[in-house]
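A.B. asks: The following comprises the amino acid sequence and a computationally predicted model.
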Amino acid sequence: MKISVTNSHRGLGLAISKRFENVIDGFDENSDVFINNRHNSFKQTELLMEVFDKWKDTEKTIVNIVSRSKYPNISKGYLYSASKASLSHLSNSLRFVSDKKCRIIDINPGLLESELPSLSYNEIVDTIEYCINLPIHIEVGEISIWHKTPYKEISKLKDDNRKN
C-alpha cells in the first residue's frame, strides 16, 4: 500500500511515516491512500475537493484529519473550528450525495501530544491504520477519538495555562 500525506502537523506526519512503508510527502496520484493532514483547514477543504475529483472513480481511500473542534460551541478558536466544520461538511456531502467509488474517512481527534490530558500521535495512527485496513467495501465515514477527560475540564486547564 502506498500512502501520501500532507505533513503540516509534523508530529502526526512523522508518526505516520514511521508506521507505514511507502509514505510520500504531499499528494501523489499513484498512492492508494491520501491522508489530508493540514493545519490550514480551508486549504485542507480545497485539497479534499481536488483529490476527490481525481479519485472519485477509483477504489482509493481519502483520510481527512479533522478535529473535535468541528462540533458547535466547543472551541474558542473560532476560525479554526469553522474551517474544520467546513471540511467535515464537504466530506459528508461527497460521501452522501455523489456517485463516488473511493472511501472518504474523517478522523476527528481531540487534543494531541500535550501536557494536558490528550492522545498520542501513535494512538491516532492506530485509528487510521484500523480504518484503512478494513475491507475496501467498508467505509468508516467518521470516527471521533479523544482522551476521556471531559472537554469542560480540558478547556479550563487550557485557560489556566494561558494565564500562567
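C.D. replies: All right, it came through fine. Please read these numbers as outputs of a predicted model, since none were measured by experiment.
A.B. asks: What residues are bridge-paired with the residue positioned nearest the centre of the chain?
C.D. replies: Closest residue to the average C-alpha location of the chain: residue 65 at 0.8 Å, with Cα atoms, centre = their mean. Counting by DSSP bridges, residue 65 is bridged to residue 107.
A.B. asks: which helices and strands sit right next to the lengthiest helix in the chain?
C.D. replies: In the chain, taking DSSP state H as the definition, the longest helix is helix 78-97. With contacts defined as 3 or more Cβ pairs under 8 Å, 6 or more residues apart in numbering; DSSP states H and E, the packing partners of helix 78-97 are helix 41-55, strand 61-65, strand 103-109. Every residue, glycine included, has its C-beta placed from N, CA and C.
A.B. asks: which stretch in those has the least confidence?
C.D. replies: Among the helices and strands packed on helix 78-97, helix 41-55 has the lowest mean pLDDT, at a mean of 93.
A.B. asks: Residue 153: what's it in contact with?
C.D. replies: Residues in contact with residue 153, defined by Cβ atoms under 8 Å, 6 or more residues apart in numbering, are residue 117.
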